[in-house]
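Asks: With the input below, show me the fold.
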Amino acid sequence: MAMQKYDVIVIGAGAAGLLAAGRAGSMGARVLILEKMERPGRKLLITGKGRCNITNDADLKEFITHVHPTGNFLKPAFSRFFNKDLIAFLNGEGLTTVLERGKRYFPASGNSADVLDSIMKWVKAQGADFHYNEPVEHLLVNGDVVRGVKTSKSEYSADKVILATGGKSYPATGSSGDGYKIAMQAGHTLIHPRPALVPLETRDKIPSEINDLILKNVRIAVWIDGRKSGDTFGEIGFHSRGLTGPGILTVSRDVVSALDQGSEVQISLDLKPALDDQQFDKRLLRELNKAGNKSVIHLFRSLLPSSVIPYVMKRTNVDRSLRCDQLTAKKRKRIRREIKNMVFNINGYRPFKEAIITAGGIPTKEITAKTMESKIVNGLFFAGEILDLDGDTGGYNLQIAFSTGWLAGQSAVSVLSKA
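Replies: Presented below is the predicted three-dimensional model:
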């Protein structure tokens, strides 16, 4: 039986792979998508807690500051297909979108399945073939030129192959790092993959009474080996082993790297960031004078959400039976310190199965930014999370996947037409 011949083979039916396949198909290429899972877009369905934060409306200059380790690599991809192009494309496919706080785009339905359905309808209309439950074992390479792929079931011939297998985050969706092995077999190197946008673990166990507690408008500072390395402002949450929430996920990239290097890491929370220390102390004194001989619990109720008060009181070692007019300057200082500088020792992070994205991957220096083609194997292209590129929370990562997928698919056919 003769080997089946395609113009372009896309490995992986996630966000990047689907855009790559659809774009290549729209330019007249015969495209095969190989997916090891039983259906496409598994990870896309769970993004944004099932709502799918499609992209972010930031302009190019701001957007690339949210991409690590170097957002500039993506300028060519973004020049071909960026956030407004993506929204116009999805709207054209019948998907209504809404812009929410933080410049984040979501489907108006609040259902990620509608995003996937719109994309799948488009890809199928371009004539792409889908093979599910068919993992790729390795590339077929002759010298430094790709010639096709070998799967668990067959071999397929193609002059252009796009590797869009994802990273290692949420392995249950299929992104278990297979693409790294395939790329390395072809001569690429790998920057150590590690969880990013991931909850952190604290040395001291978080009490059960504040598990799942969410605090908004918190200043989060990261301290590495006693030096402040950065801070952010946002929402945090508590889980049984530590800290989570959008604000924590934002700083987790630097924390994970520091922990992997053996550094001591602390995170401090400022629960009243609108007031500096002096202003907050004056506020404390005002509230104390107002409360008079009432229980000190009245003071805490005037300052904090009720759900977090028992935990803060425990940390300050202030007895709830104490009256406000009995509060010493020393105890007042301790209260101020805990509310303005609540410190947690960080000693770990959650595994890949709880990470939104993967940091590390195939180095961008081995990829041509203008085409997404490998500099090592002719005819091999990369797209999405397999690359050493990861964005902050807020829609940045899906846009990276969509843009690199679009450019890879377009480049594969452009190069094909010149061959």
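Asks: contacts and neighbour counts: CA atoms only from here.
Replies: Fine.
Asks: correct me, but Ala412 touches Val8?
Replies: Yes - with contact defined as Cα atoms under 8 Å, Ala412 and Val8 form a contacting pair (7.2 Å).
Asks: Touching both of those two, which residues are there?
Replies: Residues within reach of Ala412 and of Val8 at once, by Cα atoms under 8 Å, 6 or more residues apart in numbering, are 24, 160-161.
Asks: Just the ones in strands from those residues, please.
Replies: 160-161 (DSSP state E).
Asks: what about Arg227, how many neighbours?
Replies: 11 (other Cα atoms under 10 Å).
Asks: How about it: which residues does it bridge to?
Replies: Ile224 (DSSP bridges).
Asks: measure it to Arg147 for me?
Replies: 52 Å (Cα to Cα, to the nearest Å).
Asks: cool, and His239?
Replies: For His239, the distance to Arg147 - Cα to Cα - is 49 Å.
Asks: Kindly report the same for Leu163.
Replies: Using Cα to Cα, Leu163 is found at 14 Å from Arg147.
Asks: Neighbour count: those two, which is higher?
Replies: Neighbour count, other Cα under 10 Å: between Leu163 and Arg147, Leu163 has more, with 26 against 20.
Asks: surely that one meets Ala13?
Replies: No - the criterion here is Cα under 8 Å, and Leu163 misses it with Ala13 at 10.2 Å.
Asks: which residues sit against stretch 30-38?
Replies: Contacts for stretch 30-38 (Cα under 8 Å, 6+ apart): 6-13, 17, 21, 24-25, 127-136, 173-174.
Asks: Over to stretch 166-173?
Replies: Against stretch 166-173 from outside (Cα under 8 Å, 6+ apart): 12, 14, 37, 42-43, 175-177, 179, 193, 195, 352-358, 361, 384-387.
Asks: Using PDB, write out every CA atom in the helix or strand where Val115 lies.
Replies: For Val115, the element it lies in under DSSP states H and E is helix 112-125. Coordinates of the C-alpha atoms in helix 112-125 are reproduced here as PDB (Å, rounded to 0.1, in the frame of the first residue of the first chain):
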ATOM      1  CA  SER A 112     -15.500  27.800  25.500                       C
ATOM      2  CA  ALA A 113     -17.100  25.000  23.400                       C
ATOM      3  CA  ASP A 114     -18.600  27.800  21.100                       C
ATOM      4  CA  VAL A 115     -15.100  29.000  20.300                       C
ATOM      5  CA  LEU A 116     -13.900  25.500  19.500                       C
ATOM      6  CA  ASP A 117     -17.000  24.800  17.400                       C
ATOM      7  CA  SER A 118     -16.400  28.000  15.300                       C
ATOM      8  CA  ILE A 119     -12.800  27.200  14.700                       C
ATOM      9  CA  MET A 120     -13.500  23.500  13.800                       C
ATOM     10  CA  LYS A 121     -16.300  24.500  11.400                       C
ATOM     11  CA  TRP A 122     -13.800  26.700   9.600                       C
ATOM     12  CA  VAL A 123     -11.000  24.200   9.500                       C
ATOM     13  CA  LYS A 124     -13.200  21.500   8.100                       C
ATOM     14  CA  ALA A 125     -14.500  23.900   5.500                       C
END
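Asks: list the buried ones in it?
Replies: Within helix 112-125, the residues that count as buried by 16 or more other Cα atoms under 10 Å are 112-116, 118-120, 122-123.
Asks: repeat for stretch 179-191
Replies: 179-180, 182-183, 186, 188, 190.
Asks: Filter those residues down to the ones in strands?
Replies: Among the buried residues of stretch 179-191, no member falls in strands (DSSP E).
Asks: and stretch 30-42, how far out from the chain's middle?
Replies: 22 Å (Cα atoms, centre = their mean, to the nearest Å).
Asks: buried set for it?
Replies: Neighbour-count burial for stretch 30-42 [16+ other Cα under 10 Å]: 30-37, 40-42.
Asks: tell me which of those residues is nearest to Asp277?
Replies: Arg42 (47.2 Å; Cα to Cα).
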